[in-house]
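Participant: The sequence isn't on hand, but the structure is:
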């Protein structure tokens with residue numbers, strides 16, 4: 001039987017390789033989100049939303065806040081649109097953001113005028129990267145939306161296992177424990193100080 005250290009080394013190695021694309025997405029998109037001004041030139045130019053169509057649609061305003069999502073679902077289904085979406089009502093205006101990595105759409109409905117307007121976001125690679133970071137979870141759309149959410153869950157579990165195997169391998173190398181404690185303590189201290197003071 002192979003020594004457990006070999007098993008954990010290989011698990012740590014291959015999990016690290018498996019996580020590379022996902023970690024790159026989160027790392028690069030976080031840099032872009034953290035330095036918005038510097039990356040603005042790589043985003044779609046204004047106006048970022050271009051009109052697609054506008055039409056009259058008769059629909060009853062939801063009586064309760066809980067009915068907003070059902071109303072939005074009915075509106076987009078009637079237009080032949082599917083996929084994950086978010087909905088928000090402000091006064092007599094309902095805004096529906098339909099998620100898509102490449103070309104997200106926005107539908108705006110006015111309950112007073114019964115006008116429904118559709119727009120599509122202009123394309124930019126940086127925006128695609130950020131949308132990969134911000135994609136929402138289960139129950140938002142069809143099977144592929146749920147698959148994306150499941151893969152994100154697997155990424156989280158794999159990251160925790162990767163951290164655990166890294167700690168195990170570090171602990172097994174007695175010569176590196178002192179520097180390991182310094183690195184781990186430095187990370188924890190920095191996090192705690194910022195959490196407690198910001």
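Facilitator: That came through fine. All values reported here derive from a predicted model rather than from experimental measurement.
Participant: could you measure the residue nearest to the spatial centre of the chain against residue 74, distance?
Facilitator: Centroid-nearest residue in the chain: residue 134, 2.2 Å away (criterion: C-alpha atoms, centre = their mean). Note on residue 134: its distance to residue 74, by C-beta to C-beta, to the nearest Å, is 25 Å. C-beta coordinates here come from the backbone N, C-alpha and C atoms, glycine included.
Participant: can you list the domain ranges for the protein.
Facilitator: 4-39+144-197, 46-123 (automatic domain parsing).
Participant: Of these, which is nearest residue 130?
Facilitator: Nearest to residue 130, of all the domains of the chain, is domain 4-39+144-197, at 5.2 Å by C-beta to C-beta.
Participant: For residue 56, give me its contacts.
Facilitator: Residue 56 makes contacts with 114-116, as judged by C-beta atoms under 8 Å, 6 or more residues apart in numbering.
Participant: what do you get if the cut-off is 6 Å, keeping everything else the same?
Facilitator: For residue 56, the contacting residues are residue 114, by C-beta atoms under 6 Å, 6 or more residues apart in numbering.
Participant: So what pairs up with it in the strands?
Facilitator: Using DSSP bridges, the bridge partners assigned to residue 56 are residue 115.
Participant: can you pull the pLDDT of it?
Facilitator: Residue 56 carries a pLDDT score of 95 in this model.
Participant: what's the helix or strand for residue 163?
Facilitator: For residue 163, the host element (DSSP states H and E) is helix 143-172.
Participant: Just the angle for the following helix or strand past that helix relative to helix 143-172, thanks.
Facilitator: Per DSSP H and E, the first helix or strand lying C-terminal to helix 143-172 is helix 177-197. Put simply, helix 177-197 runs at 130 degrees to helix 143-172, going by axes from the mean of the first three to the mean of the last three C-alpha atoms, to 10 degrees.
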